[in-house]
Every structure is written in structure tokens, then in C-alpha cells.
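Asks: Have a look at this fold, sequence not included:
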């Protein structure tokens with residue numbers, strides 16, 4: 001997921017199917033952008049870790 005702060009009062013969020021696709025689009029976006037990885041709790045490939 002990419003969160004892009006375009007202007008003072010405008011935020012856009014984009015969700016992608018793959019990390020490669022997100023990184024490709026990140027280079028094209030204007031403004032301050034933050035790339036985040038979203039882990040869904042119902043995703044069987046995620047292994048919970050207790051700290």
C-alpha cells in the first residue's frame with residue numbers, strides 16, 4: 001500500500017497485488033509517499049510472533 005500526501009489537504013492511498021508493482025508506481029508518484037506492507041490476520045502465510 002502506498003500513502004501519498006499530494007497537497008496539504010489531499011491524501012491518496014493505493015493498494016497493489018505485489019511489491020514489485022508498488023515499487024514501480026512509487027517512482028512515478030508526486031508528493032511525499034510512504035510505502036507500507038499490509039499483513040492480513042487471515043493470511044495463512046503470516047506467522048504470528050510474540051515479543
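Replies: Received, thanks. On a predicted model such as this, the values are computed, not experimentally measured, just so you know.

Asks: OK, contacts around the closest residue to residue 13 other than its chain neighbours?
Replies: In this structure, residue 13 finds its nearest non-sequential neighbour in residue 3, 5.3 Å apart by C-beta to C-beta, 6 or more residues apart in numbering. For the C-beta atoms, the positions are set from N, CA and C on the backbone; glycine is no exception. Residue 3 makes contacts with 11, 12, 13, 33, 34, 36, as judged by C-beta atoms under 8 Å, 6 or more residues apart in numbering.

Asks: Sketch out the low-pLDDT regions of this structure for me.
Replies: Within the chain, the set of residues satisfying pLDDT under 70 comprises 39-48, 50-51.

Asks: show me where it has helices.
Replies: Secondary structure of the chain (DSSP state H): helices at 19-26.

Asks: can I assume residue 31 is in contact with residue 11?
Replies: No: assessed by C-beta atoms under 8 Å, residue 31 is found out of contact with residue 11, at 9.3 Å.

Asks: who touches both of those two?
Replies: 4, 5.

Asks: returning to that earlier point: pipe the contacts of residue 3 into a markdown table and attach neighbour count per row.
Replies: As requested, the contacts of residue 3 are arranged in a markdown table below (neighbours: other C-beta atoms under 10 Å):
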| residue | neighbour count |
| --- | --- |
| 11 | 12 |
| 12 | 12 |
| 13 | 10 |
| 33 | 17 |
| 34 | 11 |
| 36 | 10 |
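
Asks: Take these and keep only those in strands.
Replies: Among the contacts of residue 3, the members falling in strands (DSSP state E) are 11, 12, 13, 33, 34.
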